[in-house]
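Engineer: kindly generate the corresponding structure for this input.
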Amino acid sequence: MLYTYPHYYRMFQCIGSKCPDTCCSGWAIMIDDKALKRYRKTEGSFGNRLHNSIDWKEGSFLRYEGRCAFLNEENLCDLYIEQGKDSLCRTCRQYPRHTEEFEGCREISLCLSCPVAAELILGCKEPVRFLEKEDEREETYEDFDFFLYTKLIDARSLIFKLLQDRKTPVSLRLSMVLALGHDFQGRIRRNRLYEADALFARYEREDRIRYFEEKKIQGSRYDFLKKLFSLLGEMEPLNLKWPSRRGKIEGSLYGNGEETYKKAWNVCLKACPELELWTEQLMVYFVFTYFCGSVYNENPYGKLKMALASVLIIQDMALERFMEQGSLDVKAMADTAHTYSREVEHSDENRLLLEERFTKDPRFGLRDFLGAML
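Structural biologist: A predicted model of the protein is given here:
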């Protein structure tokens, strides 16, 4: 078994009760079957509390005013305090660690939805490196398309190379990556995956930057981002406060017209040169986490669109924060990114809605995305 993870992965340390947005509040915490069986057998007074604090039908901890039943006034877990670390369910034990599973491979990342992890991801100044380790475990999946998987790995390696080319403006890097995804999807759709290596070679040519500079598409970011934000309104809200916050952000960004929006971005870009770095790290994060999952649905282009849309939305949310505060540092950017991530990444329904719209809705085509770059 091969395990792959970003180089900053082991730097993460939970700050417990000091966390500005505890992971024990704001969403339902699902309990795995093994933990549910263990909880059923727990006896004594604490066992009674445990039995009365679980929604047995849904398989989740009950919540009171959005907070887990075991989250105490000091923002610490009573279950952990009373029963120890081994008593935690898989969700609580692993978060904010996230694992994507493939035949013979596990890819492990930190969730952007955790404020501490978000600051670690965005505070990383060097290009992200991905480390590997192996053990003796072996496994076989039925119907796993290993050839497609190897080409996805090759494509992702090239995507990382393009994204981390810091001699090139980040908007151009994003454009090249999305165009690569579009062309790669075409090979899959026409059952010509054997042409993938030649395609990748084209995107590694020295003249690729000049080509994309000459072909740069002029579009309305203002109109496109309004459409993206409208999709957020169709999603299942995980935090009761999110709809009102989303409405406030939309009003601030798009309520005063396109010229005001453009001027705000001009000021922000001059004041925040770190935005290029944060954009790179966000895109690398989303690509690492989701791109190779397309081995299961053959839709890498849809996953790249979802990744890029997430980055663009987080950029605009950060602009709203800049407009309100007059500045933007890594803590504010991390808080912005984690707020978005908590609403989108932890709902399969929400992520699938995005990917489906970007695959089927003609309003979200390649030219629309390319015209929305800063």
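Engineer: and the nearest residue to residue 183 once chain neighbours are set aside, how far from residue 136?
Structural biologist: In this structure, residue 183 finds its nearest non-sequential neighbour in residue 199, 5.7 Å apart by CB to CB, 6 or more residues apart in numbering. For glycine as for every other residue, the C-beta is placed from the backbone atoms N, C-alpha and C. As judged by CB to CB, to the nearest Å, residue 199 and residue 136 stand 36 Å apart.
Engineer: which one of these two has more residues nearby?
Structural biologist: A count of neighbours by other CB atoms under 10 Å puts residue 199 above the other of residue 199 and residue 136, at 18 against 5.
Engineer: now do the strand or helix carrying that one, average pLDDT.
Structural biologist: Per DSSP states H and E: residue 199 is located in helix 196-203. Averaged across helix 196-203, pLDDT comes to 97.
Engineer: give me the low-pLDDT residue ranges for this protein?
Structural biologist: Along the chain, no part satisfies pLDDT under 70.
Engineer: which residue is the nearest non-sequential neighbour of the residue nearest to the spatial centre of it?
Structural biologist: In the chain, the centroid-proximal residue (CA atoms, centre = their mean) is residue 286; its distance is 4.6 Å. In this structure, residue 286 finds its nearest non-sequential neighbour in residue 307, 3.5 Å apart by CB to CB, 6+ apart.
Engineer: would you verify that that neighbour is located in a helix?
Structural biologist: Yes - Residue 307: assigned to a helix according to DSSP: H, G, I helix; E, B strand; the rest coil.
Engineer: contacts only, for it.
Structural biologist: Residue 307 makes contact with 283, 286-287, 290-291, according to CB atoms under 8 Å, 6 or more residues apart in numbering.
Engineer: swap in residue 334?
Structural biologist: So residue 334 contacts 115, 118-119, 121-123 (CB under 8 Å, 6+ apart).
Engineer: top of those by neighbour count?
Structural biologist: Highest neighbour count within the contacts of residue 334: residue 118, with 29 neighbours (other CB under 10 Å).
Engineer: residues touching whichever strand or helix holds that one, excluding its own?
Structural biologist: Using DSSP H and E, residue 118 maps to helix 115-122. With contacts defined as CB under 8 Å, 6+ apart, helix 115-122 is touched by 8, 11-15, 19-21, 96, 110-112, 278, 281-282, 285, 330-331, 333-335, 337-338, 341.
Engineer: repeat that for stretch 200-215.
Structural biologist: Contacts to stretch 200-215, defined as CB under 8 Å, 6+ apart, come from residues 154-155, 158, 161-162, 168, 172, 175-176, 179-180.
Engineer: let's see 7 Å
Structural biologist: Contact partners of stretch 200-215, identified using CB atoms under 7 Å, 6 or more residues apart in numbering, comprise 154-155, 158, 162, 168, 172, 175-176, 180.
Engineer: what subset of those is buried?
Structural biologist: Taking 16 or more other CB atoms under 10 Å as the criterion, what is buried in the contacts of stretch 200-215 is 155, 158, 162, 168, 172, 175-176, 180.
Engineer: in helices, which of those fall?
Structural biologist: Counting by DSSP state H, those place 155, 158, 162, 172, 175-176, 180 in helices.
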